[in-house]
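1. the sequence and its predicted three-dimensional model are supplied below.
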Amino acid sequence: MTADAPALVKRLRAIVGVRRVLVGEAQTAPFRTGFRWGEGPALAVVCPRRLVELWHVAQACVDAGVIIIMQAANTGLTGGSTPNGADYDRPVVIVSTAGIVGIHPIDGGRQVVCLPGATLYKLESVLEPLGREPHSVIGSSCIGASVLGGICNNSGGALVQRGPAFTELALYGQLGADGVLRLVNHLGIRLDGPPEAVLGQVERGDFPAGAIDAAAGRGSDDRYRNHVREVDSPVPARFNADPRCLFEASGSAGRLILFAVRLDTFAKAADATTFYIGANDPASLTDLRRHILSHFKALPVSAEYIHRDAFDLAERYGKDTFLAIRWLGTARLPRLFADKARVDRVMARVGFGAGFADRWLQRLSRLWPSHLPPRMKEWRDRFEHHLLLKMVGDGVAEAQAYLTSLGSSGSLDAFECTPDEADKAFLHRFAVAGAAIRYRQVHGPRSAEIVALDIALPRNCREWVERLPEAIETQIAHKLYYGHFLCHVFHQDYIMKPGVDAVALEHALWALLDARGAEYPAEHNVGHLYPAKPQLAGFYRKLDPTNSFNPGIGQTPKAKGWGDAAEAR
């Protein structure tokens, strides 16, 4: 608290109303605590409901000289939208934009303008009747992740042809080195008048005929389809710090006050066919990957990898997630995840400890019989490595011909999934992502820390299976390997043995990844867990020269003016 804190809180309440400025420890806790990691104190949490309110809140915070941390759904995995520790040199105000939820389709739904609180799930439902899809489907959408959060983090996804979340078209507030907050309109839509008029027009979706410039810039990484095919490149296909995709709002990680983005959408794939491929020799999957990317005319929709150990852990610790989606569909999942989080907070306060809901759901799931198709379980017994290859259009015949030419052997085999098997295979792959967290919640003190890495290997890497030194291997109880195989982006979750120093072990793993030419993080951004590489840190500094918005991200300085004495004055 500073001498001016009461005056700032009073001003913020005048802008958004008393009930939407939270100051108590209990009230602010859900916003100050990360979805998986990170927490810290905050002077207040402000919840505007309109873009004009957001603009006035940002101006009030700039005038007061406080730090602003922008937050939408708070579903990040690396603590990137919450405070981290109590060592900031100025008070922190968290601005939650979850209530500003507008989505405006344009050009028949080929593009959309999304406001800060728009979720991936809501965007998916808006586009469904138009036969279109957003950048990401089933994954982050199921936990209520925001569209703009994906853009700010250059988030990846499972769909091979779409690359990282990216746009050159955005409307944002930027704080200059002179301390002036300016509204920058790079939406490619003509909007006239003062900031309040512009923001009101965008919120209403009031875009007159002729106001939209179709050639203003790119609304997606439309070059990725060719980029990912370069299988002999020593550079990974996609990763958060890739300079190729750092552009204003894209990759900004909260360094701007983002009001709206304009994005491309994608034609919904129809009549997809999924091939379930098993292999024991990793080299056979390497050859398959290189052949598909080099020779197939049609890129797959997705190519999802699961190691047998991850398959097994998800079969046991992801069953209720699988069944919830199977029975209820994705529509109710954001609400279910939110309800589960609320139950956990309440039960923790009354002495049941963390993860009450997870433990209860795990017990219930054991009452249900096996949920996976017989052929998947047969392939599990036969093969160590599993690949789900989804094709559409002419790609189906290409995949059928290629897989037939490989024959079947003890090293590699495939079957063409029925629609039911395909649905269940991809649901199982989705369940893998939460299996380590569930394991930890169920086993409590008997299991230790989790190190969760998402890495991008060079496109020319042939030795993609990790081989750990014995000194590291002996510290790990379980390893889960899964990911987006054609992009060479892998998620690697390590459940430590009790007593292991997880931080030291993670740093040792980083050293191994550096030696392999990997980039990390690949999808979840640096948050406060990873150091930002110089080019990424320089990008942050260019966007936010006074270091007032989300300072400390990427383990960069938290001090005003980036700690430079001349700028701090």
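-> Nice, thanks for sending it over.
2. quick one: the helices in the stretch 151-300 of the chain?
-> Assigned by DSSP state H, counting those that start in this stretch, the stretch 151-300 of the chain shows helices spanning 195-204, 224-227, 282-295.
3. mind listing what's buried along the shortest one?
-> Translated: helix 224-227. Under the neighbour-count criterion of 16 or more other Cβ atoms under 10 Å, helix 224-227 has Tyr224, His227 buried. C-beta: built from backbone N, CA, C; applies to glycine.
4. before we move on, what about stretch 484-501?
-> 484-496, 500.
5. what pLDDT, on average, does it get?
-> Averaged across stretch 484-501, pLDDT comes to 94.
6. could you find the closest non-adjacent residue to Pro91?
-> In space, and not counting its chain neighbours, Pro91 is closest to Leu43: 4.0 Å by Cβ to Cβ, 6 or more residues apart in numbering.
7. and the helices of the stretch 151-300 of the chain as JSON lines, adding distance to Gly150 and mean pLDDT?
-> Formatted as JSON lines, the helices of the stretch 151-300 of the chain follow (distance: least, Cβ to Cβ, whole Å; pLDDT from 0 to 100):
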{"stretch": "helix 195-204", "distance to Gly150": "19", "mean pLDDT": "98"}
{"stretch": "helix 224-227", "distance to Gly150": "15", "mean pLDDT": "96"}
{"stretch": "helix 282-295", "distance to Gly150": "24", "mean pLDDT": "97"}
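8. quick one: closest of those to His507.
-> helix 282-295 (26.3 Å; Cβ to Cβ).
9. what sits up against whatever helix or strand comes next after that closest one?
-> Sequence-wise, the next helix or strand downstream of helix 282-295 (DSSP states H and E) is strand 302-307. By Cβ atoms under 8 Å, 6 or more residues apart in numbering, the list of residues contacting strand 302-307 from outside reads 158-160, 285, 289, 292, 314, 384-390, 426, 428-429, 432, 479-486, 490.
10. could you give the angle of the helix or strand following strand 302-307 to strand 302-307?
-> As assigned by DSSP H and E, the chain's next helix or strand after strand 302-307 is helix 308-317. Per axes from the mean of the first three to the mean of the last three Cα atoms, to 10 degrees, the angle that helix 308-317 makes with strand 302-307 is 90 degrees.
11. contact partners for Ser294?
-> By Cβ under 8 Å, 6+ apart, the neighbours of Ser294 are Arg229, Val231.
12. and it, how close does it get to Arg162?
-> Per Cβ to Cβ, to the nearest Å, Ser294 is found 20 Å from Arg162.
13. could you give the mean pLDDT of whichever strand or helix holds Pro6?
-> Using DSSP H and E, Pro6 sits in helix 5-16. The average of the pLDDT scores along helix 5-16 is 96.
14. please renumber the chain so that the first residue is 419 from this point on.
-> Shifting the count to begin at 419 puts that one at helix 423-434.
15. buried sites along it?
-> Ala423, Leu426, Val427, Arg429, Leu430, Arg431, Ile433, Val434.
16. repeat that for stretch 727-742.
-> Under 16+ other Cβ under 10 Å, the buried positions of stretch 727-742 are 728-729, 731-733, 735-742.
17. can you redo those as JSON lines with distance to Arg600 and pLDDT?
-> Below are these laid out as JSON lines (distance: Cβ to Cβ, whole Å; pLDDT from 0 to 100):
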{"residue": "Ala728", "distance to Arg600": "47", "pLDDT": "97"}
{"residue": "Phe729", "distance to Arg600": "52", "pLDDT": "97"}
{"residue": "Leu731", "distance to Arg600": "50", "pLDDT": "94"}
{"residue": "Ala732", "distance to Arg600": "48", "pLDDT": "94"}
{"residue": "Glu733", "distance to Arg600": "53", "pLDDT": "94"}
{"residue": "Tyr735", "distance to Arg600": "49", "pLDDT": "90"}
{"residue": "Gly736", "distance to Arg600": "47", "pLDDT": "88"}
{"residue": "Lys737", "distance to Arg600": "52", "pLDDT": "89"}
{"residue": "Asp738", "distance to Arg600": "49", "pLDDT": "85"}
{"residue": "Thr739", "distance to Arg600": "44", "pLDDT": "83"}
{"residue": "Phe740", "distance to Arg600": "48", "pLDDT": "85"}
{"residue": "Leu741", "distance to Arg600": "50", "pLDDT": "84"}
{"residue": "Ala742", "distance to Arg600": "45", "pLDDT": "81"}
